[in-house]
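Q: this one's sequence-less:
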């Protein structure tokens, strides 16, 4: 009897420790989110680029700057490093001198208020466009026709400056230097054949909203169609106009 009593006494003393162990195991088995009090869920990380009026202003500014570019334009404004940037009142974006509206772009933003300041924002403007390469090797002085052009597609920011994006820029031109097959055609590698030449007599037309006056004069420099040319009129006056054809120069008022 005494032995049975001692065994029961020991079991009673172990019950609290056993209960605590079971309770701990139960808590550890619960999902991490369930341990947060009052049914709370883990916090959502803060967005790296919170709503910023400067971003909208820069995007709109770059959209306007790239409106005349050929191809499909995409704009990505880089978030400020280190989190949220200081507040900028009445943001007024601008391109620093020498800045390009495509590729990797640095945009200055004038911030108003009592103490105006300037913030600089990084952006990437991609322009996916058609451009043209030489379908064959072209020697200096050779005329270029549509058969000499092959179309490619690429990002304007990754292409040479003045790359030809419209076949009309190259058709009828001549090579100013040797152009290797497959090389991108550039405006500075081409020249238009002269439509008028120095000393040539041309018809000079002055056009206005409700009038047109014609005269004659002598060309003072070679120029292609659409090029600028100086002409000495019969009365000795020198005027500047655009070559319309091989014998006509137009002055616009």
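A: In hand now; what should we look at? Since the model is a prediction, treat every value here as computed from it, not as a measurement. Residues are numbered from 1 along each chain as shown.
Q: my read is residue 205 is in a strand, agree?
A: Yes. Checked against DSSP: H, G, I helix; E, B strand; the rest coil, residue 205 lies within a strand.
Q: Strands of the stretch 151-253 of the chain, residue ranges please.
A: In the stretch 151-253 of the chain, the segments counted as strands under DSSP state E, counting those that start in this stretch are 174-175, 190-191, 201-207, 212-219, 228-233, 238-245, 248-252.
Q: Flag every buried residue along the helix or strand hosting residue 54.
A: Per DSSP states H and E, residue 54 falls inside helix 53-65. By neighbour count on 16 or more other Cβ atoms under 10 Å, the buried set for helix 53-65 is 54-55, 57-59, 61-62, 65. For every residue, glycine as well, the C-beta is placed using N, CA and C.
Q: Let me have those residues in TSV, adding pLDDT and distance to residue 71 as columns.
A: Formatted as TSV, the buried residues of helix 53-65 follow (pLDDT from 0 to 100; distance: Cβ to Cβ, whole Å):
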residue	pLDDT	distance to residue 71
54	91	27
55	91	23
57	95	24
58	95	21
59	95	18
61	96	19
62	95	15
65	92	14
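Q: what residue ranges in the stretch 51-200 of the chain score low on pLDDT?
A: Where the stretch 51-200 of the chain drops to pLDDT under 70, the residues are 51, 82-85.
Q: quick one: residue 210 from residue 241, how far?
A: From residue 210 over to residue 241 the distance is 19 Å, taken as Cβ to Cβ, to the nearest Å.
Q: and if you look at residue 96?
A: 36 Å.
Q: Could you do residue 152 as well?
A: Counting by Cβ to Cβ, the gap from residue 152 to residue 241 is 37 Å.
Q: same thing with residue 192?
A: For residue 192 relative to residue 241 (Cβ to Cβ), the value is 16 Å.
Q: What of residue 65?
A: 31 Å.
Q: Touching, residue 66 and residue 128? I think so.
A: No. When contacts are counted by Cβ atoms under 8 Å, residue 66 is not listed as touching residue 128 (11.8 Å).
Q: When these two are compared, which one has more neighbours?
A: For residue 66 versus residue 128, neighbours defined as other Cβ atoms under 10 Å are more numerous around residue 66 (19 against 13).
Q: Between residue 96 and residue 241, which has more neighbouring residues?
A: residue 241 (20 against 11).
Q: which residues touch that one?
A: Residues near residue 241 by Cβ atoms under 8 Å, 6 or more residues apart in numbering: 204, 228-229, 231, 249-252.
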